[in-house]
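# heads up, no residue letters with this:
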């Protein structure tokens, strides 16, 4: 069965500290993986996708098929990074499954 | 980027009544739209996939007779919650795009409160 697991509901770090939001997935085929972000009182928006292998707002995520992980990382957290982050998996069609989300709180 | 709108943004209705929520793609055509439900402090749960000109595909456990979906045009999908009950109170979010490798765009959501 398809599943996306984000083990941390809340992650609190100090400004300037490294951040890693964990995401593990379960899927039998070759999925597309995404990270979405939802800032306070704003709609959900795409942060990055694994196929583009790009860095957005300093965030990167590498797909590790061996560990079935797609952790989101940023070397130096900023206060404006505080938001809800969702890891998502899209199957060969277009159905997208979301993880439970991790709330990142960056302290000054 | 593409914009998806929802109307209304917030609705309160009495138990037993029906509520219609609209989802529009404002600057692109969407043959497929998705409806999600989000409970407080929980993730988005896919309810159904709305296909223009054909029947929606519902996820397991979602009552198709309770949540009626109509996708009459390439820019509009509607979700009607029929005979609403307090347990239907939730945040309903639609999205469009996301097929063929394209990005999925989300609407701002509609908060439904059933009293």
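That came through fine. None of the values given here were measured: they were computed from a predicted structure. Numbers count the residues shown, from 1 in each chain, chains lettered A, B, ... in the order given.

# Provide the backbone phi and psi angles at the nearest residue to residue B:108 once chain neighbours are set aside.
Using CB to CB, 6 or more residues apart in numbering or on different chains and skipping residues adjacent in sequence, the residue nearest residue B:108 is residue A:43, 4.6 Å away. Every residue, glycine included, has its C-beta placed from N, CA and C. When read as degrees, to the nearest 10, the backbone of residue A:43 gives phi -80, psi 160.

# residues in contact with residue A:43?
B:93, B:106-109 (CB atoms under 8 Å, 6 or more residues apart in numbering or on different chains).

# Contact residues of chain A facing chain B?
A:32, A:43-46, A:51, A:86, A:90, A:93-101 (CB under 8 Å from any CB of the partner chain).

# Write a ChimeraX command that selects only the buried members of these.
Typed into ChimeraX, the line below selects the buried ones among these, using 16 or more other CB atoms under 10 Å in any protein chain shown:
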select /A:32,43,44,46,86,90,94,96,97,98,99,100,101
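
# circling back to that earlier point, which of the contacts of residue A:43 lies closest to residue B:9?
Using CB to CB, residue B:108 comes nearest to residue B:9 of those, at 6.4 Å.

# Am I right that that closest one is in a helix?
No - counting by DSSP: H, G, I helix; E, B strand; the rest coil, residue B:108 falls outside a helix, being coil.

# Just give me the neighbour total for it.
By other CB atoms under 10 Å in any protein chain shown, the residues close to residue B:108 number 16.

# And for residue B:58?
18.

# Over to residue A:7?
11.

# Check whether it really touches residue A:20, as I assumed.
No - between residue A:7 and residue A:20 there is no contact under CB atoms under 8 Å: 11.4 Å.

# near chain A, which residues of chain B?
Counting by CB under 8 Å from any CB, chain B sits next to chain A at B:32, B:34, B:42-46, B:49, B:93, B:95, B:98-101, B:103-104, B:106-109.

# Which ones among those lie within strands?
With strands taken from DSSP state E, the overlap with the residues of chain B next to chain A comprises B:32, B:34, B:44-46, B:49, B:93, B:95, B:104, B:106.

# Least confident of those residues?
Among these, residue B:104 has the lowest pLDDT, at 83.

# Identify the bridge partners of that residue.
residue B:97 (DSSP bridges).

# That one is in contact with residue A:46, isn't it?
Yes - at 7.1 Å, residue B:104 and residue A:46 qualify as touching, with contact defined as CB under 8 Å.

# and residue B:110, what is it in contact with?
Counting by CB under 8 Å, 6+ apart, residue B:110 has contacts B:6-11, B:21, B:91-93.

# Show me which of those residues are buried.
Of these, these count as buried by 16+ other CB under 10 Å: B:6, B:11, B:21, B:91-93.

# ok now do residue 21, which residues does it touch?
With no chain named, the answer covers chain A. Residue A:21 touches A:6, A:8, A:11, A:35, A:71-73, A:85, A:87, A:102, A:104, counting by CB under 8 Å, 6+ apart.

# other chain: chain B
B:6-8, B:11, B:78-81, B:92, B:94, B:110, B:112.

# could I get those residues as TSV with pLDDT and secondary structure?
Putting those into TSV (pLDDT from 0 to 100; DSSP: H, G, I helix; E, B strand; the rest coil) gives the following:
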residue	pLDDT	secondary structure
B:6	97	strand
B:7	97	strand
B:8	97	coil
B:11	97	strand
B:78	96	strand
B:79	97	strand
B:80	97	strand
B:81	97	strand
B:92	97	strand
B:94	95	strand
B:110	97	strand
B:112	97	strand
